[in-house]
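Visitor: task: produce atomic coordinates for the following.
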Amino acid sequence: MLDMAPYIAKVKIIEDRGPIGVGGRRLWRVRLDPGPDYEPMELEVPEMNLKPLEQWEAATR
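Guide: The predicted structure follows:
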């Protein structure tokens, strides 16, 4: 799950880019599929913006 407040989206991790971000932050390449009317897109996001889907589902129950 990608948490980029105010947006939260379910994404698929496709690559661990390693600690190549500012100050050695770990970056991940993710695929976001916004729906049938849009093309999927790939983004590189810092690890701090990712949360396990199970954690989000538990918080929203």
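Visitor: and the biggest strand by length in the chain, what does it pack against?
Guide: In the chain, ranked by residue count with DSSP state E as the criterion, the top strand is strand 11-18. If contacts are counted by 3 or more C-beta pairs under 8 Å, 6 or more residues apart in numbering; DSSP states H and E, strand 11-18 sits against strand 27-32, strand 41-46. To be clear about C-beta, it is placed using only N, CA and C from the backbone, and glycine gets the same treatment.
Visitor: and those, which is most packed in?
Guide: Here the criterion is mean neighbour count by mean count of other C-beta atoms under 10 Å, and of the helices and strands packed on strand 11-18 the winner is strand 27-32, at a mean of 17.
Visitor: right, and the helix or strand after the worst-scoring helix or strand of the chain on mean pLDDT?
Guide: Of all helical and strand segments in the chain, the minimum by mean pLDDT, DSSP states H and E falls on strand 2-4, at a mean of 71. Sequence order places strand 7-9 as the next helix or strand after strand 2-4, per DSSP states H and E.
Visitor: output the below-cut-off pLDDT ranges for the protein.
Guide: 4-5, 56, 59-60 (pLDDT under 70).
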